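>>> Sequence and predicted structure, then a few things I'm wondering about:
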Amino acid sequence: MRVCRAAGEEVTAGAEEAEAEAACPIQLLPQDALHNVLGRLPLHQALACRPVSRLFLDALSSPPFLSSLPSLRLLALRHPRAASAPHPSLHAFDPDLRRWLRLPLSFLPFPSASPVTASPSLLYLWVDTAAPFPPAADASAKSQTKSLVVCNPLSGSYRLLPPLGSAWSRHGTVIAGPGGSVVIVTELAALSYAPSPDRWLKFPLSLPSKPRSPIMMSGSVFALCDVGAPWRSQWKLFYCSLADLGRAHGWAPIERHEWGDVFDIFKRPRLLAGAGGRQLLMIGGLRSSFVLDAPCSTVLILRLDLDTMEWDEAGRMPLEMYRCFGGGFSSPLEVVAAAAAGANNKVKVFGGDGKVWFSGKRVRGKLAMWEEGAGKSDGGLWSWVDGIPGYPEVILSGSYALDPVKFVEGEPALLSQ
């Protein structure tokens, strides 16, 4: 835009704008040369050039060119009231450039939208698709229809999935995979969706307890289940392939004798996808002792290689960082005192694809970030992410955080303008 307008006066509408564009040297570039210039920009900056001119719009609408652009992996966070704002949007953090971006959602024709998860290329949101009743009607009679919308905020395209009852949006955990596949998991049942035949399939969930932090990897769903007593949790890892989701014995535990008490050392564990698609991360508080309700000494990240089925320690939050979340003790006496005082140092965990973010009530205005593969010899790279947009005027909730997203144009079968 600066290149086109630096040598002349401000461009107006109509013939003057066409004349100015014709006189601009960049308009004379062949398309392959223009693609070479635009291809050197990050994805979000390249797509921001679309309104410059018709030439830029055409150049940036070519699927082969768009697929050649470097990927953009983001952590998207939703403010609690951002979806119902006059100009709804998402704030996203680019870990490569260490900067925050704003992704507009105003292209969605719904009064409110609540983002819940993301696949490697698409964003999913709950929307209310029911037509409101007249004011005189009983409020309790209002339809409770909810639908998932799959969209691409950078291209402004979306598609509405078949509607569901509101119970699924209130109690279900939505997990998305490649190719538009979606699974919604509750305590007793699961829904599976695929673009063909464009409908939901319901399956009973034969698990010993409500699945915790289910994720989709390598064509299977993995989840943690509590198989312990009411007074003490005991976690076990389960998995089920998407093809066996409806079978009676589709879910099976993953157990190895050599793992020992790997699950017993965790408090409030959570699963996330590691880098490469064949590694599973388990993150949770490292128990300071096996005493019931003992506080945690730090946050531990273990990594399971799905090919060798071996665990290794991927990362351990530095003590000075964990103390910012209200934890971390340098002596057994501090541990006993914290337990007696009922210390609450809960840390919310979210992320995926080899990057993990942490938030907590005691940490205001920033997130802790761990990057896998950035320094394996010392347990990965730990750093702080500051400058959360809108803070502290609007409080962020880690439960609304989405997995890193690769936003690219494409998948026309799944999206419609």
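It's in.

>>> For the stretch 1-150 of the chain, which segments count as strands?
Using DSSP state E, counting those that start in this stretch, the strands found in the stretch 1-150 of the chain span residues 73-77, 89-94, 99-104, 113-118, 123-128, 145-152.

>>> Need the ones you listed in a markdown table (columns: mean neighbour count and distance to Phe238).
Bear in mind the C-beta positions are built from the backbone N, C-alpha and C, glycine included. Compiled in a markdown table, the strands of the stretch 1-150 of the chain are given as follows (neighbours: other Cβ atoms under 10 Å; distance: least, Cβ to Cβ, whole Å):
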| stretch | mean neighbour count | distance to Phe238 |
| --- | --- | --- |
| strand 73-77 | 24 | 27 |
| strand 89-94 | 21 | 32 |
| strand 99-104 | 16 | 34 |
| strand 113-118 | 22 | 20 |
| strand 123-128 | 23 | 23 |
| strand 145-152 | 21 | 24 |
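
>>> now these in a markdown table, with distance to Trp231 and mean pLDDT?
Conversion of the strands of the stretch 1-150 of the chain to a markdown table gives the following (distance: least, Cβ to Cβ, whole Å; pLDDT from 0 to 100):
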| stretch | distance to Trp231 | mean pLDDT |
| --- | --- | --- |
| strand 73-77 | 35 | 80 |
| strand 89-94 | 39 | 84 |
| strand 99-104 | 43 | 84 |
| strand 113-118 | 32 | 84 |
| strand 123-128 | 35 | 87 |
| strand 145-152 | 36 | 86 |
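
>>> Which one of those lies nearest to Leu280?
Evaluated over the strands of the stretch 1-150 of the chain, closeness to Leu280 peaks at strand 113-118, with 17.4 Å, by Cβ to Cβ.

>>> can you put the strands of the stretch 1-150 of the chain in CSV and add distance to Asp244?
Output for the strands of the stretch 1-150 of the chain, formatted as CSV (distance: least, Cβ to Cβ, whole Å):
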stretch, distance to Asp244
strand 73-77, 30
strand 89-94, 35
strand 99-104, 36
strand 113-118, 22
strand 123-128, 23
strand 145-152, 23
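
>>> Show me the one of these that comes nearest Gly276.
The nearest among these, by Cβ to Cβ, is strand 73-77 at 13.6 Å.

>>> And that closest one, what does it pack against?
Judged by 3 or more Cβ pairs under 8 Å, 6 or more residues apart in numbering; DSSP states H and E, the packing partners of strand 73-77 are strand 89-94, strand 355-360, strand 405-406.

>>> again, only this time at 6 Å
When contacts are defined as 3 or more Cβ pairs under 6 Å, 6 or more residues apart in numbering; DSSP states H and E, strand 73-77 packs onto strand 89-94.

>>> related to what we said a few turns ago, closest one to Gly354 among the strands of the stretch 1-150 of the chain?
Gly354 lies closest to strand 73-77 among the strands of the stretch 1-150 of the chain, at 9.6 Å (Cβ to Cβ).

>>> distance between the ends of stretch 311-324?
Chord length of stretch 311-324, first to last residue, is 28 Å (Cα to Cα, to the nearest Å).

>>> Distance from that stretch to the middle of the chain?
22 Å (Cα atoms, centre = their mean, to the nearest Å).

>>> hmm, who's touching it?
For stretch 311-324, the external contacting residues (Cβ atoms under 6 Å, 6 or more residues apart in numbering) are 262, 298-304, 328, 363, 368, 370, 379-380, 382.

>>> Pull out the buried residues from that stretch.
By neighbour count on 16 or more other Cβ atoms under 10 Å, the buried set for stretch 311-324 is Trp311, Ala314, Gly315, Arg316, Met317, Met321, Tyr322, Arg323, Cys324.

>>> So for Ala223, which of the strands of the stretch 1-150 of the chain sits nearest?
Of the strands of the stretch 1-150 of the chain, the one closest to Ala223 (Cβ to Cβ) turns out to be strand 113-118, at 14.5 Å.

>>> quick one: which of the strands of the stretch 1-150 of the chain is nearest Ser241?
strand 113-118 (19.8 Å).

>>> So the residue nearest to Asp96 when sequence neighbours are not counted versus Pro63, what's the distance?
Using Cβ to Cβ, 6 or more residues apart in numbering and skipping the chain neighbours, the partner closest in space to Asp96 is Arg73 (7.4 Å). Separation of Arg73 from Pro63 (Cβ to Cβ, to the nearest Å): 20 Å.
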